[in-house]
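> turn this into a model:
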Amino acid sequence: MSFIKEACVENLQQAIIAEKQGADRLELCTDLEMDGLTPSNDLILKIKEHIKIPVHVMIRPRAGNFVYSVQKIDEMKASIAFCKLVGVEGVVFGILNNDNTLNLDKLRELTDYSQPLKVVIHKAIDDTPNPLQACKELADINGVTTILSSGGEITALEGMEVLREMIKISSEIEIMPAGKITKSNVQELHELIGARAYHGRLIVGSLEGLAQ
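This is a model prediction of the structure:
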């Protein structure tokens, strides 16, 4: 069975290399040392100009937790509006309450605002007290297309059992495992998990070569 390989990239060179090395889709962000922030509008435009495969853009206005002020939510909406304007395939975000449960009201608001783009809820779900319960709650939000998760663990392998349960209860949503997934282990993980898509910085190999 085939599956989608989504490469996480933070600049144009990495995007070009990932596409050449067989990535089916990109997640574009900056500052991966802080687990990924919203890229600049200029970078989004450059990626759109040079890349043919689908691109999902990270919408995360600051590092740290996923509890956002009204001002930060407005910043996220502005970034989403630009993504809609230039026509990327999807946007990636997550919002939690102070107790780390999903902020379903704000997630529904941003998901509605993002239409017709695809909506990926990112690994904020792994910070919730019960990722499986959170997965069920997200399934009730019309417009959520993908959930990115490590099953509440550090790696996809450690979260394998939870990820398999997520897939069972979310037939309409693409569950995309992440967490130390590389070119060398993605096939093995696919045989264990059986997802439709997988995510990683090294999922098609190193992206540090020269983009010719």
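
> give me the helices and strands touching the longest helix seen in the chain, please.
In the chain, with assignment by DSSP state H, the single longest helix is helix 70-86. Contacts defined by 3 or more CB pairs under 8 Å, 6 or more residues apart in numbering; DSSP states H and E place helix 70-86 against helix 41-50, strand 90-93, helix 104-114. Where C-beta positions appear, they are placed from N, C-alpha and C, glycine not excepted.

> what angle do that helix and helix 104-114 make?
With axes from the mean of the first three to the mean of the last three CA atoms, to 10 degrees applied, the angle from helix 70-86 to helix 104-114 works out at 30 degrees.

> report how many residues lie close to the nearest residue to Phe82 once chain neighbours are set aside.
Leaving aside its sequence neighbours, Phe82 sits nearest to Asn41 (CB to CB, 6 or more residues apart in numbering; 5.4 Å). When neighbours are counted by other CB atoms under 10 Å, Asn41 registers 14.

> next one: Phe82
Close neighbours of Phe82, defined as other CB under 10 Å, add up to 16.

> what residues are up against Thr111?
By CB atoms under 8 Å, 6 or more residues apart in numbering, the contact set of Thr111 is 119, 141-144.

> nearest to Leu192 among those?
Ranked by distance to Leu192 (CB to CB), the contacts of Thr111 are led by Val144 at 24.7 Å.

> quick one: average pLDDT of the longest helix of the chain?
Mean per-residue pLDDT for helix 70-86: 98.

> how about residues contacting that helix?
Contact with helix 70-86 is made by 38, 41, 44-45, 48, 57, 59-62, 68, 91, 93, 95, 106, 109-110, 113-114, 116-117, as judged by CB under 8 Å, 6+ apart.

> now with 7 Å?
38, 41, 44-45, 48, 57, 59, 61-62, 91, 93, 106, 110, 113-114, 117 (CB atoms under 7 Å, 6 or more residues apart in numbering).

> could you identify which of the contacts of Thr111 has the most neighbours?
For these, counting by other CB under 10 Å, the largest number of neighbours falls to Val119: 27 neighbours.

> which residue comes closest to Thr128 once chain neighbours are left out?
Nearest non-adjacent residue to Thr128, counting by CB to CB, 6+ apart: Ala134, 4.4 Å away.

> deepest of the helices and strands packed on helix 70-86, which one?
Most buried of these by mean neighbour count (mean count of other CB atoms under 10 Å) is strand 90-93; its value is a mean of 23.
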